[in-house]
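>>> Here you go, sequence then predicted model.
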Amino acid sequence: MVRWISLALWLAASVPALAQSDWGAGKSAAFLGITFLDTSTEGDYFGERADERARIGLLEETVRERLRQEGLALSDLSPVAEELERTVNPAKCYGCDLRMGRKLGADFVVVGEVQKVSNLILSMNLVVRDAESGAMVRGQSVEIRSNTDASWLRGIRYILNNNIFKE
């Protein structure tokens, strides 16, 4: 009886690891970028800030570089450039991210968001989905405090190190 319970527990623990074993080196990913959502009153009063727009670029380059370092081939987005340009938020577009990923022949689709609640509180997330099935393979959301390059990088690196590429 103890042997069967041990076997059942081992199998249960192994299933998530087996299901995620196809993520990583040797696969392709369509990274569709990170969307900035400013829901703060500051954004309503003063509009888009150049430093925050630059930070989105900084995060996107950090994610691209890490994907490459981990052995993923990044898909050329030019075949879907017009559709991507028309898409307000690829992370919430009723499956358009998956359709674009399939069109590109990617194994995975990667999208992210940064939501500014206030100049002190920001929420950041990054999601990896299987392009064929749509299933979420990896993903995490974190909240960061402070609106600086360092805090934004700390948030995205936390997601990359502790979820997206965690063994």
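Received, thanks. Residues are numbered from 1 along each chain as shown.
>>> hey, let's count contacts and neighbours off CA atoms from now on
Noted.
>>> residues in contact with Asp38?
Contact analysis of Asp38 by C-alpha atoms under 8 Å, 6 or more residues apart in numbering lists 115-117.
>>> Show me which of those is closest to Gln69.
The shortest distance between Gln69 and any of the contacts of Asp38, using C-alpha to C-alpha, involves Gln115 and amounts to 26.7 Å.
>>> in this structure, what spans have low per-residue confidence?
Segments of the chain classed as low confidence (criterion: pLDDT under 70) are 1-21, 167.
>>> show me where the protein has strands.
Assigned by DSSP state E, the strands in the chain fall at 28-38, 73-74, 108-116, 121-130, 136-145.
>>> residues of stretch 95-109 that come out buried?
Of the residues in stretch 95-109, those with enough neighbours to count as buried (16 or more other C-alpha atoms under 10 Å) are 96-102, 104, 106-109.
>>> Pick out the most distant pair among these.
For these, the maximum inter-member distance is 15.1 Å, found between Cys96 and Asp107 (C-alpha to C-alpha).
>>> how much space is there between the residue nearest the centre of the chain and Leu72?
Taking C-alpha atoms, centre = their mean as the criterion, Leu126 is the residue nearest the geometric centre of the chain, at 2.5 Å. The span separating Leu126 from Leu72 equals 16 Å under the rule C-alpha to C-alpha, to the nearest Å.
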